[in-house]
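1. The following comprises the amino acid sequence and a computationally predicted model.
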Amino acid sequence: MSADEGTSETPTGVLRGNPRVLVLVAANTFSCFGSAVAMLAFSYVSYVLTGSLAATVAIMAVSALPALVLIQPAARLTMRFDLRLLCAILALAKMALFLGVGLIFSTGYITFWLLFFTSLINGIIGAFTFPPWNNFLREIAPAGRVADLDSVLMSASAIAGIAGVLSGGLMLNGWGLASLFYVNALSYALFAVPFLLFPPVRAVLADRKRASMREAARVIRDEEALRRFVILALVVQLVAWPLLNLLPEIATTIGPNPLYFSLLLSAVYAGMSLVAPILALREKHYSHWQIAMVALTILMLATIVVGLAPVIDENSRLIVLMILFVPLGMALNMTSVLSSAAVQSGAPDEHEANVLAVYSAAITVITPVGALIVAGIADLSDVWVAVVVEGLGIGVLLAYLATPAMRRDFDHILKDREHVILRHARHHAVARTLPGEMEPVRRADSDPVASGGPPGA
């Protein structure tokens, strides 16, 4: 069964009569809370330590790059070992990593290279975690309900992420940096436990023909509408998402308290979480192209207004920016959801998995590139200049989406694809919550689980 398939039951019904699954969801939710806390610490402390947004981007982005190389070996590993043990061992490996780093931080030793290599090792472990986690969910979900289980995981993770972002600022301000890593280490220790409640779980080798990545790239090149959707989605990553990487410096213009960064980020996150309910309300009244145009317009205007923040009185700047970041986060996520859904819907069925793999790998590469460009502008000039440049770049993207060909193809390809759009709405609300988090690289064979693996930090 594909994650695009639905059921007539509510997603939360997947937990009824499944106490082991309920325990797994609870442990994963707490682990998402710990990850949000740790990623917030990484983002803010990296900037405070280096004073450079480009260096901060490098620290955050390096965790995503190992997946490009290791995701295939990791996928093969799942065919040889019990999935329960793989997931539990990898969770304990992350526990050891963050516990060790927390102990080092408690001594007062904090350097760029310590943060950099911690992020890199975290990415390596994460690359090996992604395939067994997704395979495990497929095997333990009640018959025909893997999409519902994934939906519950994503919804709970979104709530945990908001709580983690808010709590992380308070903890960093009150208890110090090491405490955030201790919380994340504890969350992974608890996350390892539920796997042992299940009987041995082996991955089932899918009997499907696998096309080459080169063939998928050829499909993207030759299918004109699909090529335009891929360009649109990649440009969104290049010019819009880097705004999140500017938040540490924007927060410090308000004051040195890490809680300001926490509040700004939670406002963006809150806006992102509004996408699914807004789509449910508006899809019957407006076309998807119209929704995307409105979202991009809001995103452009909100970004440019944020760039004018220096003229706002310092005493009210925090409140004004938080108010602005809610619609900005909503518009940013809405644009990404619709563009990603268009890529998936525009891919021919026989090449969908491989097109998504090429697209996801491209996002993993291009997102830090965009972040480094915008961070470089901020380092060389001013953070507010970088924000305005982003706003103008979004304006160019808006003009591209407004072309007649894009309007025709966008509405045609997304017609009756609400299930795909909803899947991406749930996924993006969690996967893009913090600076440095990247799209997980998909396996070459289609993976119906949308969660993208357990927490990344």
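-> Arrived safely, thanks for sending.
2. secondary structure element for the spatially closest residue to residue 351 that is not a sequence neighbour?
-> Once flanking residues are discounted, residue 351 sits nearest to residue 219: 4.8 Å by CB to CB, 6 or more residues apart in numbering. C-beta coordinates here come from the backbone N, C-alpha and C atoms, glycine included. Remark: residue 219 resides in helix 213-222, with elements defined by DSSP states H and E.
3. Which strands or helices does that helix pack on?
-> In this structure, helix 213-222 packs against helix 224-239, helix 352-380, with contacts taken as 3 or more CB pairs under 8 Å, 6 or more residues apart in numbering; DSSP states H and E.
4. go again using 10 Å as the cut-off
-> Under the contact criterion of 3 or more CB pairs under 10 Å, 6 or more residues apart in numbering; DSSP states H and E, helix 213-222 touches helix 224-239, helix 314-346, helix 352-380.
5. TSV for those helices, including mean pLDDT and mean neighbour count?
-> Compiled in TSV, the helices and strands packed on helix 213-222 are given as follows (pLDDT from 0 to 100; neighbours: other CB atoms under 10 Å):
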stretch	mean pLDDT	mean neighbour count
helix 224-239	89	20
helix 314-346	90	22
helix 352-380	86	21
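6. Out of the ones you listed, which is closest to residue 131?
-> When the helices and strands packed on helix 213-222 are compared by CB to CB, helix 352-380 sits nearest residue 131, at 12.6 Å.
7. ok and the closest one relative to helix 314-346, angle-wise?
-> For helix 352-380 against helix 314-346, the angle between stretch directions is 160 degrees (axes from the mean of the first three to the mean of the last three CA atoms, to 10 degrees).
8. For the residue sitting furthest away from the middle of the chain, which residues are in contact?
-> Residue distances from the centre of the chain (CA atoms, centre = their mean) peak at residue 313, which lies 32.9 Å from the mean C-alpha position. Contacts here follow CB atoms under 10 Å, 6 or more residues apart in numbering; on that basis residue 313 touches residue 320.
9. so residue 389 sits right up against residue 307, yeah?
-> Yes: shown here, residue 389 and residue 307 form a contact pair, counting by CB atoms under 10 Å, at 8.4 Å.
10. before we move on, the earlier item: now the residue farthest from the centre of the chain, what are its backbone angles?
-> Backbone geometry at residue 313, expressed as degrees, to the nearest 10, gives phi -60, psi 130.
11. do residue 312 as well
-> phi -80, psi 140.
12. OK, contacts around it?
-> With contact taken as CB under 10 Å, 6+ apart, residue 312 is in contact with 305-306, 318-321, 324.
13. what's the most distant pair in these?
-> Distances among the contacts of residue 312 were taken as CB to CB; the most separated pair is 305 and 318, at 15.0 Å.
14. Please report how far residue 138 lies from residue 353.
-> When CB to CB, to the nearest Å is the yardstick, residue 138 and residue 353 sit 14 Å from each other.
15. Likewise for residue 46?
-> 35 Å.
16. Residue 372 now?
-> Plainly put, residue 372 is 30 Å away from residue 353 if you go by CB to CB.
17. Ok, residue 245 next?
-> 30 Å.
18. same thing with residue 248?
-> Shown here: residue 248 relative to residue 353, a distance of 37 Å by CB to CB.
19. And for residue 108?
-> To residue 353, residue 108 is 48 Å away according to CB to CB.
20. Likewise for residue 316?
-> Residue 316 is 50 Å from residue 353, where distance means CB to CB.
21. try residue 367
-> From residue 367 over to residue 353 (counting by CB to CB), the distance is 21 Å.
22. next one: residue 137
-> From residue 137 over to residue 353 the distance is 17 Å, taken as CB to CB.
23. In the stretch 51-200 of the chain, where is pLDDT below threshold?
-> Applying pLDDT under 70 to the stretch 51-200 of the chain flags residues 144.
24. all helices of it, in order?
-> 53-61, 66-77, 83-106, 112-140, 146-174, 177-192 (DSSP state H, counting those that start in this stretch).
25. Dump those helices into a markdown table; add distance to residue 295 and mean neighbour count as well.
-> Compiled in a markdown table, those are given as follows (distance: least, CB to CB, whole Å; neighbours: other CB atoms under 10 Å):
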| stretch | distance to residue 295 | mean neighbour count |
| --- | --- | --- |
| helix 53-61 | 25 | 24 |
| helix 66-77 | 28 | 18 |
| helix 83-106 | 35 | 20 |
| helix 112-140 | 29 | 21 |
| helix 146-174 | 19 | 22 |
| helix 177-192 | 33 | 23 |
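26. Now render the ones you listed as JSON lines, adding distance to residue 258.
-> Conversion of the helices of the stretch 51-200 of the chain to JSON lines gives the following (distance: least, CB to CB, whole Å):
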{"stretch": "helix 53-61", "distance to residue 258": "14"}
{"stretch": "helix 66-77", "distance to residue 258": "28"}
{"stretch": "helix 83-106", "distance to residue 258": "14"}
{"stretch": "helix 112-140", "distance to residue 258": "15"}
{"stretch": "helix 146-174", "distance to residue 258": "4"}
{"stretch": "helix 177-192", "distance to residue 258": "9"}
